[in-house]
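J.: what follows is a predicted protein model with its sequence.
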Amino acid sequence: MAQFIEFLGNHLLLSGMWLVSLAAIIFFHQRTASKGVGPQQAVMLINRRGAVIVDIREKKEFESGHIVDSIHIPLSKLKQRVTEMKKHSEKPVVVVCKLGQQSGEAAKTLQEAGHTEVYKLSGGLAEWKAQSMPLVYN
């Protein structure tokens, strides 16, 4: 422990940069944080609590396969169309994207619009497919 403190004292610039990086990572995760659920937990939310699935992928991707009864609102249009979700404000919402990377931003937007229980599908539709869960094709 004494060596660690000595290292910090001898390398103030390096230590400061490490702290700034850590703070930036924490800030980013706080900004985009939402609870993640896997495909099995999403199915339980749908079956037991009537959760609503919001698919934020683009139209072409959505038509190539999506979760049954999911609502399609592309991420680029979510802020303009968030009022469509008001009728589902009492239900849990699961946000789905392609790989699970963009759904955090969409979940944050829905939380700001008044939805209290918003989840993101961990791994996105890729994980859903990997677990051989059912899809609907248009």
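T.: Yep, that arrived.

J.: packing partners for the lowest-mean-pLDDT helix or strand in the chain?
T.: Here the helix or strand of the chain ranked lowest by mean pLDDT, DSSP states H and E is helix 12-32, holding a mean of 83. Helix 12-32 makes packing contacts with helix 103-112 when contacts are defined by 3 or more CB pairs under 8 Å, 6 or more residues apart in numbering; DSSP states H and E. C-beta here means a position set from N, CA and C on the backbone, and glycine is covered the same way.

J.: and the helix it packs on, which residues are buried?
T.: Of the residues in helix 103-112, those scored as buried under the neighbour-count criterion (16 or more other CB atoms under 10 Å) are 103, 104, 105, 106, 107, 108, 109, 110.

J.: with stretch 124-138 instead?
T.: Buried, per 16+ other CB under 10 Å, within stretch 124-138: 124, 125, 127, 128.

J.: and for stretch 70-87?
T.: Residues of stretch 70-87 classed as buried: 70, 71, 72, 73, 75, 78, 82, 85 (neighbour count, 16+ other CB under 10 Å).

J.: adding pLDDT, write those out as a markdown table.
T.: Rendered in a markdown table, the data for the buried residues of stretch 70-87 read as follows (pLDDT from 0 to 100):
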| residue | pLDDT |
| --- | --- |
| 70 | 95 |
| 71 | 95 |
| 72 | 96 |
| 73 | 95 |
| 75 | 93 |
| 78 | 92 |
| 82 | 91 |
| 85 | 89 |
